[in-house]
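Chemist: Sequence first, predicted coordinates after that:
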Amino acid sequence: MSWSSTQVTLAARPTGYPDESTWEVATTEVPEPGPGQVVVRVDLLSLDPAMRGWLNDVRSYVPPVGIGEVMRAFGSGEVVASAHDEIAVGDVVSGVFGVREHALVDGAEVTRLDTDLAPPSTWLGALGMPGMTAYFGLEDVGRAQPGDTVLVSAAAGAVGSTVVQLAKARGCRVIGIAGGPEKVAWVEETGADVAIDYKAGGLLKQIRAAAPDGVDVYFDNVGGEVLDAALASLARGARVVLCGAISGYNDETLPDGPRRYMSLLVFRASMTGFVVFDYEDRYPEAVAAIGELITSGRMQPRETVLTGGIEAFPEALLGLYRGVNTGKLLLQVSG
């Protein structure tokens with residue numbers, strides 16, 4: 001038996017925002033699994049800011065997607081065929097399946113999901129890579145302590161909203177930055193002590209009013225002007241967690257860089273980058289902590305699910321950079 005599978009491959013490397021020339025959509029046949037393999041019907045695809053970086057032919061923490069290769073993407077789905085001793089047909093799993101309807105993968109590369117704890121959408125969000133990123137960035141890199149003032153950019157996004165709720169659970173005072181009244185209102189609902197609308201202008205003034213004694217931990221998902229405003233608002237000994245810089249991912253030229261970096265010297269602060277894959281052996285720790293918060297009602301994950309199937313992927317990805325999502329952005333493929 002084989003399965004027909006529509007897939008999206010990289011046709012050309014984009015300059016600026018990806019457009020229709022970036023992608024090729026085609027249909028292929030997926031064969032029966034060989035020993036140790038499984039076939040997964042992909043139900044949900046994760047849309048992540050890092051995807052734009054994977055399209056550039058530059059040295060990074062993972063190799064770029066090659067021309068002609070299926071676009072890399074995390075996803076979840078149901079096993080429809082298995083030649084793996086520990087994975088059964090009907091199991092719900094997650095993994096790096098790529099942008100396609102059916103994926104033939106090594107069974108060792110998938111994770112079975114506990115859908116009694118949370119639905120698959122949450123396993124791609126707060127219990128998935130965004131949640132792992134939020135947890136280890138806040139705990140290990142930011143070293144957040146009870147009573148700290150924690151500032152979070154993109155606080156209505158997948159990682160940022162999880163950081164807000166983790167920091168509140170840790171006993172921190174939390175300030176979230178988001179764009180627009182609706183997102184700001186939701187950031188407040190998640191427990192932020194103050195929610196700032198960067199689109200309202202005067203960001204530096206807003207941050208300083210919210211944190212008159214300075215920011216102890218800044219969790220940066222945005223870069224650019226937001227990073228500069230945060231650097232100008234640090235407390236002595238502050239920790240800046242460099243997670244991402246979505247504001248510049250589609251720029252055609254390199255940004256000028258932080259203008260306020262000397263604040264790190266003045267305030268004896270540090271700015272540290274990290275890659276979540278380095279913590280892979282500790283994922284169960286983060287899943288247990290976040291899962292307990294969800295079960296107890298102290299964390300409210302949210303997902304924005306777009307429809308349209310595989311063919312909708314190019315436009316759905318652009319929606320991520322336009323801020324169409326509140327919480328985790330996903331594309332429903334089937335199911």
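Modeler: That came through fine.

Chemist: Please tell me the pLDDT value assigned to Gly335.
Modeler: As predicted, Gly335 sits at a pLDDT of 64.

Chemist: pretty sure Gly66 contacts Leu10?
Modeler: Yes: using Cβ atoms under 8 Å, Gly66 is in contact with Leu10, at 7.0 Å. All C-beta atoms are positioned from the backbone trio N, CA, C, and that covers glycine.

Chemist: Looking at those two, which one has more neighbours?
Modeler: Per other Cβ atoms under 10 Å, whichever of Gly66 and Leu10 has more neighbours is Leu10, with 22 against 11.

Chemist: tell me, what residue is most central in this protein?
Modeler: For the chain, Pro130 is the residue whose C-alpha lies nearest the centre (Cα atoms, centre = their mean; 4.1 Å).

Chemist: Pretty sure it sits in a helix.
Modeler: Yes: under DSSP: H, G, I helix; E, B strand; the rest coil, Pro130 sits within a helix.

Chemist: Show the contacting residues for it.
Modeler: By Cβ atoms under 8 Å, 6 or more residues apart in numbering, the residues touching Pro130 are Asp48, Leu124, Ala158, Val159, Thr162, Lys328.

Chemist: Please narrow these to those residing in helices.
Modeler: Secondary structure from DSSP state H places Ala158, Val159, Thr162 of these in helices.

Chemist: out of those residues, who's nearest Met271?
Modeler: Lowest distance from Met271 to these (Cβ to Cβ) belongs to Val159, with 17.1 Å.

Chemist: Which residue comes closest to Val215 once chain neighbours are left out?
Modeler: Of all residues not flanking Val215 in the chain, Leu151 sits nearest, at 4.5 Å (Cβ to Cβ, 6 or more residues apart in numbering).

Chemist: ok, Ile246 - how many residues close by?
Modeler: 22.

Chemist: who touches it in this structure?
Modeler: Applying Cβ under 8 Å, 6+ apart, the residues contacting Ile246 are Pro49, Ala154, Asn221, Val222, Gly223, Tyr321.

Chemist: nearest residue to the last one other than its sequence neighbours?
Modeler: With sequence-adjacent residues excluded and distances taken as Cβ to Cβ, 6+ apart, Tyr321 is closest to Asn250, at 6.0 Å.

Chemist: Is that neighbour part of a helix or strand, or is it coil?
Modeler: Classified using three-state DSSP, Asn250 is coil.

Chemist: wait, it sits on Pro49?
Modeler: No: the pair Asn250 / Pro49 is not scored as a contact, 10.2 Å apart, by Cβ under 8 Å.

Chemist: Settle it for me: which of these two has more neighbours?
Modeler: When Asn250 and Pro49 are compared on other Cβ under 10 Å, the one with more neighbours turns out to be Pro49, at 22 against 14.
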